[in-house]
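Asker: any chance you could fold what I've pasted below:
(one chain, ligands or ions: 2)
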Amino acid sequence: MTEVPNPHIIDADTLTGEMRPIRRAVLSLGSNLGERLANLQDALNTLAETPDVWVTTISPIYETEPVDSPEGSELYLNAIVLADTTLTPARLLDRALTIEDAYGRSRSGIFNEPRTLDIDVISVGDKILEEDSLTLPHPRAHERAFVLKPWADLEPSADLPGVGPISELLERSDQTGITRRDDLVIEL
Ligand SMILES: Nc1ncnc2c1ncn2[C@@H]1O[C@H](COP(=O)(O)OP(=O)(O)OP(=O)(O)O)[C@@H](O)[C@H]1O
Ligand SMILES: Nc1nc2c(c(=O)[nH]1)N=C(CO)CN2
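Answerer: Ligands and ions are numbered 1, 2, ... in the order given. Presented below is the predicted three-dimensional model:
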């Protein structure tokens, strides 16, 4: 049977005239306020429910001393999530910020204030972007052991696009104050 074109059915690719590539996204989760582990689990669940985002892997959890944070800030829990996505980087960031807000993230303007949830977009494929609202790779990822260590657990030979192998960056980073917490687990 031949298929008759139906003018009422169009798909996204017809509208944009292009296929949307699938890219591997690396996302960093952090929490140092409230129920930290539950906050990370909520973030993971919500990312996994996001259309056009397929979460593939979650790293071990690390408990980490706050970096560049106000005096008295509590320890963070940090983890890395790998996902495949057809979202544009801008849409992925938008989704990350919306999830942060949904889980009670306050934005008082205090630099690196304690937060229930932080989702940073570390890299999206090998995109390199320098826009006001989105820099890729994340501009501080290369020096942050709380990003590099859990990522290296999952992908030891990964590169930070335009920067270099994460194994070398990790060697150069300050790895004091980060402790792997295998007793704490979040699940897909
Ligand atoms: N790669 C990126 N990932 C997340 N946010 C980014 C990125 N590049 C630029 N931004 C911008 O940074 C803004 C501030 O983000 P946010 O408040 O989460 O920063 P932060 O987590 O406190 O600090 P840091 O960026 O050092 O982790 C966001 O609104 C976003 O527009
Ligand atoms: N240990 C740790 N320190 C931080 C973190 C974080 O996730 N973990 N996030 C920050 C701003 O996003 C600032 N400092």
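Asker: ligand 2 contacts on this structure?
Answerer: 30, 64-69, 76, 78, 112, 118, 146 (CB under 6 Å from any ligand atom). In short, each C-beta sits where N, CA and C put it, glycine included.
Asker: and the helices in the protein?
Answerer: In the chain, the helices defined using DSSP state H lie at 12-16, 36-48, 89-102, 145-154, 166-172.
Asker: next, format these as TSV and append mean neighbour count.
Answerer: Formatted as TSV, the helices of the chain follow (neighbours: other CB atoms under 10 Å):
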stretch	mean neighbour count
helix 12-16	9
helix 36-48	19
helix 89-102	18
helix 145-154	23
helix 166-172	16
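Asker: OK, contacts around the residue in the chain positioned nearest to ligand 2?
Answerer: Ranked by CB to the nearest ligand atom, the top residue of the chain for proximity to ligand 2 is residue 30, at 2.8 Å. By CB atoms under 8 Å, 6 or more residues apart in numbering, the contact list for residue 30 reads 76-78, 115, 117-118, 120, 146.
Asker: so which of the residues of the chain next to ligand 2 is the closest to ligand 1?
Answerer: Using CB to the nearest ligand atom, the residues of the chain next to ligand 2 come closest to ligand 1 at residue 118, 4.7 Å.
Asker: mind listing what that closest one touches?
Answerer: 28-31, 100, 105.
Asker: what's the nearest residue to the residue of the chain closest to ligand 2 if we skip its chain neighbours?
Answerer: Nearest non-adjacent residue to residue 30, counting by CB to CB, 6 or more residues apart in numbering: residue 118, 4.2 Å away.
Asker: hey, what's residue 78 bridged with?
Answerer: residue 30, residue 62 (DSSP bridges).
Asker: return the distance of it relative to residue 53.
Answerer: 20 Å (CB to CB, to the nearest Å).
Asker: and these two? Which one has more around it.
Answerer: Between residue 78 and residue 53, counted using other CB atoms under 10 Å, the more crowded position is residue 78 (27 against 20).
Asker: thought that one was touching residue 62?
Answerer: Yes: counting by CB atoms under 8 Å, residue 78 does reach residue 62; the two are 5.0 Å apart.
Asker: joint contacts of the two?
Answerer: In terms of CB under 8 Å, 6+ apart, residue 78 and residue 62 are both contacted by the residues 146, 150, 178.
Asker: who's in contact with the second one?
Answerer: If a contact means CB under 8 Å, 6+ apart, then residue 150 has 59-62, 78-80 as its contacts.
Asker: alright, calling it a day.
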